[in-house]
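Engineer: next come a sequence and a model predicted from it.
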Amino acid sequence: MDPIITFAAIIILILATGILKDWRNSAPPHYSYSLVIACRDEEDNLPTLFKSLQEIEYPISDYEIIIIDHASRDNSLELIKKFCNSKTNRQYLHLSDKDNEYKGKKYALQKGVEIAQYEIVLFTDADCLPPADWLEEMNYYLSENTGMIVGYSPEKNKSDFRNFSQLMTASVYCSTIGLGLPFSSNGRNLAVRKSVFKQVAGFNKIKEHPCGEDKQLLQLIDKTKYQIAYNARNKVYTKPNTKDYVNQQKRRYGQFGISSPFYKFASLLIFLFYIYLPLRLILGANFINFFLYFFPFMIFWAFSLQKHREKFRLKHILYLLIYPYYLIFFSLYGMISKWEWKA
């Protein structure tokens, strides 16, 4: 048996155990929430977002909706005004210009959190569809020690491989959080305690980078005494990106520069391993080595499917083989080429 592949198999099994951790409380307290959504030029997405928000099943006195228009050039602001003026627990903030100091949408989110009246702040995006029980379910993952809750946000009605890749990303988030070494988070389904947000100075320390505000915020909160939890039960679906998919993938995976030193080192080892793996399997032609690698990977995937309540497909066997190289390709492509962020 190859010692390098054996070591990798052990690491994969350890990651699988991280997925098993459960943060859900059996008898949760009842919290109040501030939903903060930043948008720019989203007139096509806002009607479906508003429909989802209107279907939220939670006492209207225990949550508010804050929508920040970030210098939209379309009809977004008028749609937001109409939506917010129809209920007392809704408000909007219009930013007429983009802030040059804060990159991406950090400035809009910062302003939204500043006017939030409740301690628990929920983030999502304008192209997302929060479920009706979003707030009720979040109660189960909150405690006095919780600083952040990372949620699951797959694309709706897209290709099997894109759904697979998003679930794999969520699996890594879930696993590393479960092991106490959180890697990243998803701003489409994210809860943050406002007092902790203020404790780490919000986005003020991380305002220079055009994206990755969710990942960088997680890294800041991870340094506090508060714990980070993972909620796999609530799926906040997002609409599939059909216009600039390649640009989106470069932006998502090409964030090596903002990773912690530990994960930079781990990423380098993973890259080297997946260069070594096919060479070793082809040159060695040893079925035992392949089984030694792939069986733990299947265990990891089975745990993730059960955790996220997703179904196994035969295609997943092929996807498990090619996904690491898909990840490496877009990670490298994102680091060496430019990508754009509309906000």
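Structural biologist: Alright, I've got the coordinates.
Engineer: which residue sits closest to the residue most central in space within the chain, ignoring its sequence neighbours?
Structural biologist: For the chain, the residue nearest the mean C-alpha position is residue 186 (1.5 Å; C-alpha atoms, centre = their mean). If the residues on either side of it in the chain are set aside, residue 186 comes closest to residue 153, at 5.0 Å by C-beta to C-beta, 6 or more residues apart in numbering. The way it works is simple: take the backbone N, C-alpha and C, and place the C-beta from them, glycine included.
Engineer: residue 291 versus the residue nearest to the centre of the chain, what's the distance?
Structural biologist: As judged by C-beta to C-beta, to the nearest Å, residue 186 and residue 291 stand 33 Å apart.
Engineer: grab the nearest non-local neighbour of residue 296.
Structural biologist: Looking at residue 296 with C-beta to C-beta, 6+ apart, the closest residue is residue 12, at 4.1 Å.
Engineer: ignore the last one, residue 24
Structural biologist: residue 140 (4.8 Å).
Engineer: does the one you found really touch residue 25, like I thought?
Structural biologist: Yes. Residue 140 lies in contact with residue 25 (C-beta atoms under 8 Å); the separation is 5.2 Å.
Engineer: where does the stretch 101-250 of the chain dip in pLDDT?
Structural biologist: 101-103, 210-211, 241-250 (pLDDT under 70).
Engineer: and the strands in it?
Structural biologist: All strands of the stretch 101-250 of the chain, identified by DSSP state E, counting those that start in this stretch, fall at 120-125, 128-129, 146-152, 190-193, 227-235, 237-238.
Engineer: so which of those strands is nearest residue 295?
Structural biologist: Closest to residue 295 of these, according to C-beta to C-beta: strand 227-235, at 23.4 Å.
Engineer: and the closest one, which residues are buried?
Structural biologist: Residues of strand 227-235 classed as buried: 227, 228, 229, 230, 231, 232, 233, 234, 235 (neighbour count, 16 or more other C-beta atoms under 10 Å).
Engineer: name every strand pairing with it and say which way it goes.
Structural biologist: strand 146-152 (parallel) (DSSP bridges).
Engineer: centre of the chain to the partner strand, how far?
Structural biologist: Chain-centre distance of strand 146-152: 10 Å, with C-alpha atoms, centre = their mean, to the nearest Å.
Engineer: residues contacting that strand, please?
Structural biologist: Outside strand 146-152, the residues that touch it by C-beta atoms under 8 Å, 6 or more residues apart in numbering are 23, 138, 141-142, 170, 173-174, 177, 182, 185-186, 188-193, 196, 217-218, 221, 224, 226-232, 234-236, 308.
Engineer: check the gap between the residue nearest to residue 270 when sequence neighbours are not counted and residue 299 for me.
Structural biologist: Leaving out its chain neighbours, the residue that sits closest to residue 270 by C-beta to C-beta, 6+ apart is residue 324, at 7.6 Å. Between residue 324 and residue 299 the computed distance is 16 Å (C-beta to C-beta).
Engineer: show me what the longest helix along the chain packs onto, helices and strands only.
Structural biologist: Secondary structure of the chain per DSSP state H: the longest helix is helix 261-284. Packing partners of helix 261-284 (3 or more C-beta pairs under 8 Å, 6 or more residues apart in numbering; DSSP states H and E): helix 3-19, helix 287-308, helix 315-336.
Engineer: CA atoms of that helix as CSV?
Structural biologist: Only the C-alpha atoms of helix 261-284 are listed here, as CSV (Å, rounded to 0.1, in the frame of the first residue of the first chain):
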residue,chain,number,x,y,z
PRO,A,261,-2.0,30.2,6.3
PHE,A,262,-3.2,26.8,7.4
TYR,A,263,-5.5,26.4,4.4
LYS,A,264,-2.9,27.8,2.0
PHE,A,265,-0.6,25.0,3.1
ALA,A,266,-3.4,22.4,3.0
SER,A,267,-4.3,23.6,-0.5
LEU,A,268,-0.8,23.2,-1.7
LEU,A,269,-0.7,19.6,-0.3
ILE,A,270,-4.0,18.8,-2.0
PHE,A,271,-2.7,20.1,-5.3
LEU,A,272,0.4,18.0,-5.1
PHE,A,273,-1.5,14.9,-4.0
TYR,A,274,-3.8,15.1,-7.0
ILE,A,275,-0.9,15.5,-9.4
TYR,A,276,0.7,12.5,-7.7
LEU,A,277,-2.4,10.3,-7.5
PRO,A,278,-3.1,9.5,-11.3
LEU,A,279,0.6,9.0,-11.9
ARG,A,280,0.8,6.5,-9.0
LEU,A,281,-2.3,4.7,-10.0
ILE,A,282,-1.3,4.4,-13.7
LEU,A,283,2.3,3.5,-13.1
GLY,A,284,1.6,1.2,-10.2
